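*Asks:* Turn this into a model:
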Amino acid sequence: MLSIIKSYMKAPKTPCIGICSTTSLGDPVCRGCRRFSFEVIKWNSYGPQEKKAVLKRIEKLVSQIFENKFHIQSEKTLQLELKRLNVPFDPELSPYCWLHNLFKKRKDLIQNLSEYGVSVHKEFSDVPFDQLIAEVDSELQILSSAHLQRYFKVPS
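*Replies:* The predicted model follows:
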């Protein structure tokens, strides 16, 4: 019984950050956490391994996009700021997933990324912050949607 309780306590939490477009707008991919609509609906019935597989897929896609444009100089600083701003994050996932959550929940509060332990790669340093965030968000939505179409949609 104790092992079941420990397993439950370590089970992956929901990646939801409180802005679900699958349930509110009917999107096939959530604009917040990037889960597919069927994953949002079935999340509570998933076992720990299924949840972890979903989280790892999201982590890989987010990291692929974010590592290309940002550098996390201090995970500790980023983590402290996330806690201060009450932004949810999973410490078992890449800090780039944490950064994604920060941008989704509190981008309007960010004046200087270095205060969060983050910098923009030189080739993107001249891009206005709001535009860069919009580009990252668009790229992530396109990549997530392509992944859904490629691996989960049954051809007509």
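
*Asks:* Can you pull up the most central residue in this protein?
*Replies:* Cys97 (4.4 Å; C-alpha atoms, centre = their mean).

*Asks:* Next up, the contacts around that residue.
*Replies:* Taking C-beta atoms under 8 Å, 6 or more residues apart in numbering, we find Cys97 in contact with 58-59, 62-63, 89-90. For glycine as for every other residue, the C-beta is placed from the backbone atoms N, C-alpha and C.

*Asks:* Equivalent analysis for Arg57, please.
*Replies:* Going by C-beta under 8 Å, 6+ apart, Arg57 touches His147.

*Asks:* ok, back up a step: please convert the contacts of Cys97 to a markdown table, extending it with neighbour count and pLDDT.
*Replies:* Below are these laid out as a markdown table (neighbours: other C-beta atoms under 10 Å; pLDDT from 0 to 100):
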| residue | neighbour count | pLDDT |
| --- | --- | --- |
| Ile58 | 25 | 92 |
| Glu59 | 19 | 94 |
| Val62 | 25 | 95 |
| Ser63 | 17 | 97 |
| Phe89 | 20 | 90 |
| Asp90 | 16 | 89 |
